[in-house]
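K.L.:
Got a predicted structure plus its sequence, pasted below:
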Amino acid sequence: MTAFPYTHCLFDLDNTLLDFDRSSKEAFGEALESFGMEPDEQMFFQYAEINHRCWKLLEAGEISPREVQRRRFSDFLALHEVEYDPLKLNDLYLDKLAEKVHWIDGAKEVLDALKAQGVSLSLITNGLKRVQRPRLEQSGMMEYFDAVVISEEIGVAKPQPAYFEYTLEKLNNPPVERVLLVGDNPGSDILGGQRMGMATCWYNARQKPLPEGMKPPRYEIKRIRQVLHLPA
Ligand SMILES: [Mg+2]
């Protein structure tokens, strides 16, 4: 392994270090079952699409985290003409989700190797506190990080500059050109890092095209292990 060309590395959590899609699918199915609805594959895709739309609105600063939690299930239930309290279903889902930890293949290895080289590691996530905190504890990954920034806890989300300013401040403001951001989401991770002048690494496992109008990230990788072999 060549020497890592950055002193600081900020990692997104969901679908970068942990397999959120898998956890979410499991938790969603279990939540529906717990109030007697029979989940199928299509339902999860419907929910995932609605959820994605809601998070986009949150990223744009148009709705609150609480509204994301309500709307994603009220829209889903309406689609199936099921009468149930969306916030209660959201609670069922989040309780299940908080129990689920599935690492992305190779992610733990990456943290170990960077840590061994003395790189300062931080975690930057737009998730919810009640879900992320238990998962972070359970995964044993807290010990790796110098800063853990959960958007809900600070009241501002990626890609807003205030989110990254807060993170950098926690790290005693290292020069941004020495900071690498690794994440799977172009709109929140990559854009946020680019705005701050950081180097960005897009973990693009599914080889999606870059959203229109976006400046390419400095690096694009298909496997998270490739983080260990980035050129300067
Ligand atoms: Mg992510």
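P.N.:
Arrived safely.

K.L.:
how about the residues of the protein that lie near the ion?
P.N.:
12, 14-15, 184-185 (C-beta under 5 Å from the ion). Quick note: C-beta positions are derived from backbone N, CA and C, even for glycine.

K.L.:
Which of these ranks first by neighbour count?
P.N.:
Within these, neighbour counts (other C-beta atoms under 10 Å) peak at residue 12, which reaches 26 neighbours.

K.L.:
and it, bridged to which residues?
P.N.:
Taking DSSP bridges as the rule, residue 12 bridges to residue 124.

K.L.:
residues contacting it?
P.N.:
123-125, 158, 181-185, 188-189, 203 (C-beta atoms under 8 Å, 6 or more residues apart in numbering).

K.L.:
mind redoing it with 10 Å?
P.N.:
18, 20, 123-127, 158, 181-185, 188-190, 192-193, 203 (C-beta atoms under 10 Å, 6 or more residues apart in numbering).

K.L.:
Mind checking which of these are in helices?
P.N.:
Those of those mapping onto helices are 20, 192-193, per DSSP state H.

K.L.:
Which of the residues you listed lies at the shortest distance from residue 87?
P.N.:
residue 20 (21.1 Å; C-beta to C-beta).

K.L.:
can you count the residues close to that closest one?
P.N.:
By other C-beta under 10 Å, 23 other residues sit near residue 20.

K.L.:
Does it touch residue 107 like I think?
P.N.:
No: checked against C-beta atoms under 10 Å, the pair residue 20 and residue 107 is beyond contact range at 12.0 Å.

K.L.:
And the helices in this protein?
P.N.:
Using DSSP H, helices in the chain cover 20-34, 41-59, 65-79, 86-97, 107-116, 129-139, 151-154, 161-170, 191-196.

K.L.:
Deepest-packed of those helices, please.
P.N.:
helix 191-196 (a mean of 21; mean count of other C-beta atoms under 10 Å).

K.L.:
got any ranges where this structure has weak pLDDT?
P.N.:
Applying pLDDT under 70 to the chain picks out residues 1-2.

K.L.:
rerun at 80
P.N.:
1-2, 59 (pLDDT under 80).

K.L.:
so what are the domain limits for it?
P.N.:
In the domain annotation for the chain, the residue ranges read 8-18+102-229, 21-97 (automatic domain parsing).

K.L.:
Do me a favour and get the end-to-end distance for the shortest one?
P.N.:
Yep, that's domain 21-97 we're talking about. 11 Å (C-alpha to C-alpha, to the nearest Å).

K.L.:
so how far is that domain off the chain centroid?
P.N.:
17 Å (C-alpha atoms, centre = their mean, to the nearest Å).

K.L.:
Need the overlap of contacts for residue 20 and residue 107.
P.N.:
Shared contacts of residue 20 and residue 107, counting by C-beta under 10 Å, 6+ apart, come down to residue 13.
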